[in-house]
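**Student:** predicted coordinates and the sequence they were generated for:
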Amino acid sequence: MKNSRWLAGCALLVFLAPVTVYAQGTSGSASPENTKAETTTPAKLQIVLFDYDGTAKVSSLAYTIPLVVSGKKLSGPYAELRIGIRVPVATAASKTGENSLQYIDVGTNIDARAAQTDDGRYQLDLRVDRSSLYVAGREQDGKIVGKEWSAGEAPPNNQPMVREYRGGIVLSVREGQPTDATVATDPLTGHVLKVEVTLSLVK
């Protein structure tokens, strides 16, 4: 009876061992298909945010992020970039009326990841969140006449408005070729914000 139980246990181990090894990636990773799927390529992504007032370019902000291009599917963590300032905003308590400061984040947040497609292009998963302080003035011709606060200037002495753009897209790009990701019009100022991306492989 003991021998029968011992043989049954050995048979169970024989059947389970190949499955366990494959799940850990040792026996399964030797196939060409799995090896190709795990191939990664270092790259860098340049993102430029353009701000236009009509046809006149008001500003352009460029960012470069190193990332790793995965195989055929968009997977894995995003490459991240965070840059900006924390702005104090005065708030008053509803019951006591006492003033206090609350800090809000203003700046640029970018998340990106990429994968290679069968036609030689690259699939890019991009998320851009940009906010900036806008010091409002008077209204003229249906638009708010004011200016965007820039570094080096004195902080606004009144409560500024926060101008914000947020976009999340998946698009197909060619290596080294600039591509328009999004074009959007600010309903407050009428300015046009364009996001341009360029993916380049690191060789």
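**Tutor:** On my side now, so go ahead.
**Student:** where in the protein is pLDDT low?
**Tutor:** The chain contains residues with pLDDT under 70 at 1-38, 93-94, 97, 136-160.
**Student:** that one: helices as residue ranges?
**Tutor:** In the chain, the helices defined using DSSP state H lie at 2-23, 32-37.
**Student:** how about residue 126, what does it touch?
**Tutor:** 47, 110-112, 167-171, 181, 197 (CB atoms under 8 Å, 6 or more residues apart in numbering). Using the backbone N, CA and C atoms, a C-beta is placed for each residue, glycine as well.
**Student:** can you tell me which of the residues you listed are in strands?
**Tutor:** 47, 110-112, 167-171, 181, 197 (DSSP state E).
**Student:** ok, of those residues, which one's closest to residue 74?
**Tutor:** residue 170 (7.3 Å; CB to CB).
**Student:** may I have the beta-bridge partners of the closest one?
**Tutor:** residue 125 (DSSP bridges).
**Student:** how far away is it from residue 71?
**Tutor:** Distance, residue 170 to residue 71, using CB to CB, to the nearest Å: 16 Å.
**Student:** give me the more crowded residue out of these two.
**Tutor:** Neighbour count, other CB atoms under 10 Å: between residue 170 and residue 71, residue 71 has more, with 17 against 11.
**Student:** next one: phi and psi at the more buried one?
**Tutor:** phi -70, psi -110 (degrees, to the nearest 10).
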